[in-house]
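1. Here is my input; please provide its structure:
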Amino acid sequence: MREDEIELIDYFRVIWKRRILIIVVTLVCIVVGVVKSLMLPVKYHSDAVLKIGKKVEAQLTSTSTHYLLVNLASVVELSKSIPVEYGRGKKGFDLDAEVINGTSMIKMTVNGPGSRTEKILKELVNRVIADHHKITGNYVRFYKTLIERQERDIVEISKEIEQGELALEIMGIDDEVNMSMRESSQSNLMMKKLLSQRSLKEDYRDLRDSQYEAHQYQTAIISLEENKTKLIGEVESTVIKPKKTRNIMLAGAVGLMISLFLVFLIACLGNIRKREKEKVESL
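-> Numbers count the residues shown, from 1 in each chain. Prediction:
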């Protein structure tokens, strides 16, 4: 027990003996910490959330065609490509993008030493939105072209239906007038009438199909317009100030540890030299 007390006292003696060194080294580290803290710039952080738009894809089945809404591009791939594609020329500012919880939303962030982070992020967000709106616009124009084609078909089919109905009406009048016609003539007239009725039914079916397709294309356009890439909320910015007090305290703690290490290293080397000297003298 007494040996432990002596060893502990020896430690305190070593520290007391080298107290000036400990104080000097600790103060030097604190001064360095103060200088570094004063030199650290204020950082700015801006973030925004983008909801990635949709496109319409046709899914063909054996009986019909279904139109599905899917993302314009893989949100995972977009989160990787946005910093590379849109972050060029922004030296000193870090652009990052990440998918939010597996949704179709991407969070874009810009960090930098100046207050321009919010302006830069707004520019980048507007560029992404503009590029995606171009893609959506191409799809809208494509479906509008299909609608125009269907409308032309509807006009042509409607004319054919009118002509078919008129032909059947004329055949009905002829049938009443020519009741005394020979059996062969009546048979030919009946055959023509059946063919006209069948053709008219096909025209009505084609008209319904064209109208349905035109409606589907119009629905696709509405879906595209409603599901464009857009900004969710506003671009938010925060100021990240360096934690000077913490840095100074950390520098003081590091300085104290370094000084204690040096003190005990010097004491250890001194003891080694002392023992070697005693061995030489004993010889």
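
2. Flag the shaky bits of the stretch 101-250 of the chain, pLDDT-wise.
-> 171-193 (pLDDT under 70).

3. make it 80
-> Residue ranges of the stretch 101-250 of the chain with pLDDT under 80: 114-115, 164-165, 167-197, 241-242, 244.

4. What segments of it are strands?
-> 105-112, 230-240 (DSSP state E, counting those that start in this stretch).

5. what's the residue closest to the geometric middle of this structure?
-> Closest residue to the average C-alpha location of the chain: residue 106 at 2.7 Å, with CA atoms, centre = their mean.

6. need the contact list for it.
-> By CB atoms under 8 Å, 6 or more residues apart in numbering, residue 106 lies in contact with 49, 50, 52, 75, 78, 79, 82, 97, 98, 99, 100. Glycine gets a C-beta too; all of them are placed from N, C-alpha and C.

7. quick one: which of those residues is nearest residue 212?
-> Using CB to CB, residue 52 comes nearest to residue 212 of the contacts of residue 106, at 29.9 Å.

8. can you pick the most crowded of the contacts of residue 106?
-> residue 50 (24 neighbours; other CB atoms under 10 Å).

9. what about that residue, which SS state?
-> strand (DSSP: H, G, I helix; E, B strand; the rest coil).

10. quick one, phi psi at residue 90?
-> phi -110, psi 60 (degrees, to the nearest 10).

11. Nearest to residue 159 among the strands of the stretch 101-250 of the chain would be which one?
-> strand 230-240 (43.6 Å).

12. Tell me how far the closest one lies from the chain's centre.
-> 15 Å (CA atoms, centre = their mean, to the nearest Å).

13. Surely residue 41 touches residue 113?
-> Yes. Residue 41 is in contact with residue 113 according to CB atoms under 8 Å; the separation is 4.5 Å.

14. what residues are up against the closest residue to residue 211 other than its chain neighbours?
-> Spatially, and ignoring its direct neighbours in sequence, residue 211 is nearest to residue 154 (6.4 Å; CB to CB, 6 or more residues apart in numbering). Residues near residue 154 by CB under 8 Å, 6+ apart: 207, 210, 211, 214.

15. sorry, back to before: show me what the residue nearest to the centre of the chain bridges to in the sheet.
-> residue 50, residue 99 (DSSP bridges).

16. related to what we said a few turns ago, just put the strands of the stretch 101-250 of the chain in TSV and tack on distance to residue 169.
-> Output for those, formatted as TSV (distance: least, CB to CB, whole Å):
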stretch	distance to residue 169
strand 105-112	61
strand 230-240	56
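
17. how about those strands, which one is nearest residue 166?
-> Once the strands of the stretch 101-250 of the chain are compared by CB to CB, strand 230-240 is nearest, at 52.5 Å.

18. can you pull the buried residues of that closest one?
-> 231, 235, 237 (16 or more other CB atoms under 10 Å).

19. now the angle between strand 105-112 and it, please.
-> Relative orientation of strand 230-240 versus strand 105-112 (axes from the mean of the first three to the mean of the last three CA atoms, to 10 degrees): 30 degrees.

20. so what strands line up beside strand 230-240?
-> strand 43-51 (antiparallel).

21. Would you mind checking the average pLDDT for the partner strand?
-> Mean per-residue pLDDT for strand 43-51: 92.

22. Next: stretch 263-274.
-> Rounded mean pLDDT across stretch 263-274 is 82.

23. Pull the residues that contact it.
-> 14, 15, 18, 21, 22.

24. buried set for stretch 214-223?
-> 214, 216, 217, 220, 221, 223.

25. Tabulate the residues you listed (JSON lines), appending distance to residue 267.
-> Formatted as JSON lines, the buried residues of stretch 214-223 follow (distance: CB to CB, whole Å):
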{"residue": "214", "distance to residue 267": "94"}
{"residue": "216", "distance to residue 267": "89"}
{"residue": "217", "distance to residue 267": "89"}
{"residue": "220", "distance to residue 267": "83"}
{"residue": "221", "distance to residue 267": "85"}
{"residue": "223", "distance to residue 267": "80"}
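
26. Restricted to helices, list these.
-> 214, 216, 217, 220, 221, 223 (DSSP state H).

27. what helix or strand is residue 66 on?
-> In this assignment (DSSP states H and E), residue 66 forms part of strand 65-71.
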